[in-house]
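1. fold the following, please.
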Amino acid sequence: MEVTKKDIRALSKEQLRDFFIQSGDQGFRGNQVYEWLWKKGAHDFDDMTNLSKQTRALLQQHFEIRHINVDQMQRSDDGTVKNAVRLHDGLIVESVLIPTETRTTACVSSQVGCSLDCNFCATARLKRMRNLNADEIFDQVKAIDTESRAYYNRPLSNIVFMGMGEPLMNYNNVLVAIDRITSDEGLGMSPKRITVSTSGISKMIRKMADDGVKFKLAVSLHAAIEDIRNEIMPFTKNFPLTELKQALAYWYQKTKSRVTYEYVVWKGINDHKQAIDALVQFCKYVPCKVNLIEYNAIDDERFQQADEKAINAYIAALEANSIVVKVRRSRGKDIDAACGQLANKEQSINT
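-> Predicted coordinates:
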């Protein structure tokens with residue numbers, strides 16, 4: 001009977017040490033393997049060249065490395081790179097590299113499909129198949145770091161969890177992945193260069209604050225009027241704006257980290273004065289900034305990019321109230337670089 005091998009990256013360093021001790025070897029072997037897995041990104045036990053053949057055979061007997069494969073890579077005229085990432089079970093997610101003159105950002109997925117039902121989002125139409133494991137999230141980042149070094153001669157500088165899925169519905173795996181990414185035993189990136197975007201899961205925003213996370217928070221808001229928000233994002237009926245405001249106030253009280261609001265302006269939906277005034281008032285609740293995002297249309301005629309006049313009205317109102325606002329233009333249009341909720345997140349969300 002075929003023995004099912006364990007995913008070795010599901011083990012902690014201590015568990016790896018224990019495995020070797022129980023196998024009659026020395027605990028420090030676990031440290032060596034852990035470094036190969038997380039710092040060096042080994043895809044095969046034979047890559048672990050400072051281990052004996054006997055030790056590598058032992059690992060091969062008991063474990064497997066369920067690394068991702070970049071099944072297809074597309075490069076846009078503007079330098080954006082989209083990866084179709086195949087997981088060990090054959091499922092596909094997307095990740096995107098977004099370059100500027102000074103840095104490169106990885107936009108990564110946290111779920112296969114999505115748990116939520118935002119009407120404007122292509123990913124929301126995909127059934128959520130499963131959560132990504134921490135190593136699968138880590139691998140997306142590692143792959144984009146490799147691409148950044150190859151194409152732009154510099155390491156990855158920023159990460160945004162704005163790809164497929166709602167990160168806070170896969171909270172534990174996202175946190176473990178970030179721990180590996182930021183650890184000196186992993187990629188050693190600063191948590192301040194990582195942004196986790198949520199569609200507004202209030203109770204999980206509070207939990208992040210209680211857990212003392214060091215990364216940044218972005219919220220896909222799109223409307224500060226309850227009826228409009230519920231119409232375009234039906235799940236928010238369970239997470240009303242009053243609760244969201246309280247959760248964000250709690251977040252800021254605990255972390256002192258300002259919030260970024262992601263906001264698409266659609267024609268005939270939220271392109272009027274009442275919606276603008278409501279956003280201005282919402283922004284006064286906690287220190288924040290607003291990214292007005294250019295919309296990549298899906299095959300739903302209800303959602304059309306608003307006129308520049310409406311965008312300018314938002315900018316004027318926000319700036320008149322001393323609220324930082326930037327317009328984020330879509331990247332990678334020629335390759336349809338869809339990256340999750342809105343298909344067009346920008347790395348400068350981290351500024």
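2. CA atoms for contacts and neighbours, from now on please.
-> Noted.
3. relative to Leu58, how far out is the closest residue to Arg130 other than its chain neighbours?
-> Leaving aside its sequence neighbours, Arg130 sits nearest to Val112 (CA to CA, 6 or more residues apart in numbering; 5.5 Å). Taking CA to CA, to the nearest Å as the criterion, Val112 is separated from Leu58 by 32 Å.
4. burial of the residue nearest to Arg130, as a residue count?
-> Val112: 23 surrounding residues under other CA atoms under 10 Å.
5. contact partners for it?
-> By CA atoms under 8 Å, 6 or more residues apart in numbering, Val112 lies in contact with 91-93, 128-132, 164-165.
6. any idea what the residue nearest in space to the middle of the chain is bridged to?
-> The centre of the chain sits closest to Phe161, judged by CA atoms, centre = their mean, with a distance of 1.0 Å. Following DSSP bridges, Phe161 is listed with bridge partners Val196.
7. shouldn't Ile68 be in contact with Ala134?
-> No: in this structure, Ile68 is not within contact of Ala134 by CA atoms under 8 Å, at 11.8 Å.
8. for the longest helix anywhere in the chain, buried residues please.
-> The residue-count maximum for a helix in the chain (DSSP state H) belongs to helix 134-152. For helix 134-152, a neighbour-count test (16 or more other CA atoms under 10 Å) marks 134-145, 147-148, 152 as buried.
9. got the phi and psi for the residue nearest to Arg130?
-> Dihedral pair for Val112: phi -90, psi 110, per degrees, to the nearest 10.
10. re earlier: so for the longest helix of the chain, mean pLDDT?
-> Mean per-residue pLDDT for helix 134-152: 95.
11. dump it to PDB, restricted to CA.
-> This file holds the C-alpha atoms of helix 134-152, laid out as PDB (Å, rounded to 0.1, in the frame of the first residue of the first chain):
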ATOM      1  CA  ALA A 134       1.200  29.100   4.300                       C
ATOM      2  CA  ASP A 135       3.900  27.600   2.000                       C
ATOM      3  CA  GLU A 136       1.800  28.200  -1.100                       C
ATOM      4  CA  ILE A 137       1.500  31.800  -0.200                       C
ATOM      5  CA  PHE A 138       5.200  32.000   0.600                       C
ATOM      6  CA  ASP A 139       6.100  30.300  -2.800                       C
ATOM      7  CA  GLN A 140       4.200  33.000  -4.700                       C
ATOM      8  CA  VAL A 141       6.300  35.700  -3.000                       C
ATOM      9  CA  LYS A 142       9.500  33.700  -3.600                       C
ATOM     10  CA  ALA A 143       8.700  33.300  -7.300                       C
ATOM     11  CA  ILE A 144       8.100  37.000  -7.700                       C
ATOM     12  CA  ASP A 145      11.300  37.900  -5.900                       C
ATOM     13  CA  THR A 146      13.100  35.600  -8.300                       C
ATOM     14  CA  GLU A 147      11.400  37.300 -11.300                       C
ATOM     15  CA  SER A 148      12.200  40.800  -9.900                       C
ATOM     16  CA  ARG A 149      15.800  40.000  -9.600                       C
ATOM     17  CA  ALA A 150      15.900  38.500 -13.100                       C
ATOM     18  CA  TYR A 151      14.000  41.200 -14.900                       C
ATOM     19  CA  TYR A 152      14.700  44.300 -12.900                       C
END
